[in-house]
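Peer 1: take a look and give me a structure for this.
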Amino acid sequence: MTIKDIIQKYYDVVDSQLLRFVLVGGLNTAFGVGVYCLAIFIGLPYFVATLVSNVLGVLFNFLTTGNLVFHNGNPRLIFRFVACYVVIYFVNTAVVKLLLVAGLNSYWSGILATPIVALCSYYLLKTFVYKHEENQYCDPVL
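Peer 2: Purely as a prediction, here's the structure:
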């Protein structure tokens, strides 16, 4: 069984793109946290661990989101993907700031911002990164 076959079976089981996005988001979060914890465990300072986990996390997210959510493993889309994540960072920061101004603490602001930011990122990825090649299948890069 090839990677392509496994991905196709995944698509057969999970036919909702939004549900695939949520599931892959959980996988991506676990990967990022795992890289961060491993970096801390081997003795890297937190600011290096954060940098490493963010860089590797975005690359991992690109592979998994493209292949497992949007059925598109085209490596040329990495620049649009990274651009979206820059926008998503600013949206996340703005939403947290609004919630802080509304009187919530930093924990609740971050928690409540998460679903809002996730929906924004799904929309941006669907319309900006993957829309131009919606009907074109690329073999998975994984």
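Peer 1: check contacts around the most centrally placed residue in the chain.
Peer 2: Nearest to the geometric centre of the chain sits residue 61, at 4.6 Å (Cα atoms, centre = their mean). Taking Cβ atoms under 8 Å, 6 or more residues apart in numbering, we find residue 61 in contact with 28, 81, 85. Bear in mind the C-beta positions are built from the backbone N, C-alpha and C, glycine included.
Peer 1: if we ignore the residues flanking it in sequence, what's nearest residue 77?
Peer 2: residue 129 (5.5 Å; Cβ to Cβ, 6 or more residues apart in numbering).
Peer 1: quick one: contacts for that neighbour?
Peer 2: 70, 77, 80-81, 84.
Peer 1: next one: residue 58
Peer 2: 81-82, 85.
Peer 1: list buried members of these by neighbour count.
Peer 2: 81, 85 (16 or more other Cβ atoms under 10 Å).
Peer 1: Throw the contacts of residue 58 into CSV and include pLDDT and secondary structure, thanks.
Peer 2: Converted to CSV, the contacts of residue 58 look like this (pLDDT from 0 to 100; DSSP: H, G, I helix; E, B strand; the rest coil):
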residue, pLDDT, secondary structure
81, 96, helix
82, 95, helix
85, 91, helix
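Peer 1: go through the contacts of residue 58 and name the one nearest residue 35.
Peer 2: Closest approach between the contacts of residue 58 and residue 35, by Cβ to Cβ: residue 85, at 15.9 Å.
Peer 1: how about the nearest residue to the closest one, chain neighbours excluded?
Peer 2: residue 58 (5.9 Å).
Peer 1: quick one: distance of whichever strand or helix holds the one you found to the chain centre.
Peer 2: Per DSSP states H and E, residue 58 falls inside helix 46-68. Relative to its chain's centre, helix 46-68 lies at 8 Å (Cα atoms, centre = their mean, to the nearest Å).
Peer 1: next, the angle helix 46-68 makes with the helix or strand containing residue 115.
Peer 2: Per DSSP H and E, residue 115 falls inside helix 106-124. Per axes from the mean of the first three to the mean of the last three Cα atoms, to 10 degrees, the angle that helix 106-124 makes with helix 46-68 is 40 degrees.
Peer 1: using PDB, list the CA coordinates for helix 106-124.
Peer 2: Extracted in PDB, the C-alpha atoms of helix 106-124 (Å, rounded to 0.1, in the frame of the first residue of the first chain):
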ATOM      1  CA  SER A 106      -4.800  36.100  28.800                       C
ATOM      2  CA  TYR A 107      -5.700  32.500  29.200                       C
ATOM      3  CA  TRP A 108      -9.400  32.900  28.200                       C
ATOM      4  CA  SER A 109      -8.500  35.300  25.500                       C
ATOM      5  CA  GLY A 110      -6.200  32.800  23.900                       C
ATOM      6  CA  ILE A 111      -8.600  29.900  24.300                       C
ATOM      7  CA  LEU A 112     -11.600  31.800  22.900                       C
ATOM      8  CA  ALA A 113      -9.500  33.200  20.000                       C
ATOM      9  CA  THR A 114      -8.600  29.700  18.900                       C
ATOM     10  CA  PRO A 115     -11.800  28.700  17.100                       C
ATOM     11  CA  ILE A 116     -12.100  32.100  15.500                       C
ATOM     12  CA  VAL A 117      -8.500  32.000  14.200                       C
ATOM     13  CA  ALA A 118      -9.000  28.400  13.100                       C
ATOM     14  CA  LEU A 119     -12.000  29.400  10.900                       C
ATOM     15  CA  CYS A 120     -10.100  32.300   9.500                       C
ATOM     16  CA  SER A 121      -7.200  30.100   8.700                       C
ATOM     17  CA  TYR A 122      -9.400  27.500   7.000                       C
ATOM     18  CA  TYR A 123     -11.000  30.300   4.900                       C
ATOM     19  CA  LEU A 124      -7.700  31.800   3.900                       C
END
